[in-house]
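Peer 1: Turn this into a structure:
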Amino acid sequence: YTVLHSESAIISILTGDDRTTQLLAKRMNDRDVFVCPVLFPAVPKGKSRIRNCLMATHTKKQLNHVLQSYREAGRQLRLLCGAS
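Peer 2: Residues are numbered from 1 along each chain as shown. Sure, this is the predicted structure:
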């Protein structure tokens with residue numbers, strides 16, 4: 001994934017096109033991970049992204065679930081190396 005620089009609790013993952021962004025957001029939400037897809041015209045075409053909002057109250061277990069969910073969804077959508 002391409003993680004965009006942030007100085008806030010909002011961490012954005014650049015996905016590129018709207019369709020991929022929508023599919024990834026659906027997969028994450030299906031895994032009980034709330035994310036917000038940001039699509040054109042809110043961002044320029046080709047710059048769609050997933051917005052993640054982190055809080056100090058998230059536990060290590062919750063964060064590990066988020067990371068594992070991104071790994072699984074990324075492999076299913078062939079966004080990550082070693083995808084099958």
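
Peer 1: What is the burial count for the residue lying closest to residue 4 once chain neighbours are set aside?
Peer 2: Distances taken as CB to CB, 6 or more residues apart in numbering put residue 12 closest to residue 4, at 4.4 Å, once the chain neighbours are dropped. Where C-beta positions appear, they are placed from N, C-alpha and C, glycine not excepted. Using other CB atoms under 10 Å, residue 12 is surrounded by 19 other residues.

Peer 1: Report the secondary structure element holding residue 71.
Peer 2: helix 60-76 (DSSP states H and E).

Peer 1: Flag every buried residue along that helix.
Peer 2: Neighbour-count burial for helix 60-76 flags 66, 69, 70, 73, 74 (criterion: 16 or more other CB atoms under 10 Å).

Peer 1: Now flag whichever of those residues is closest to residue 23.
Peer 2: Nearest to residue 23 among those is residue 73, at 8.4 Å by CB to CB.

Peer 1: So the residue nearest to the closest one when sequence neighbours are not counted versus residue 12, what's the distance?
Peer 2: Among residues not flanking residue 73 along the chain, residue 27 sits closest, at 3.8 Å (CB to CB, 6+ apart). Distance of residue 27 to residue 12, computed by CB to CB, to the nearest Å: 17 Å.

Peer 1: Just give me the residue closest to the centre of the protein.
Peer 2: Nearest residue to the geometric centre of the chain (CA atoms, centre = their mean): residue 50, 4.3 Å.

Peer 1: now that one, which residues is it bridged with?
Peer 2: Residue 50 has the following beta-bridge partners by DSSP bridges: residue 13, residue 37.
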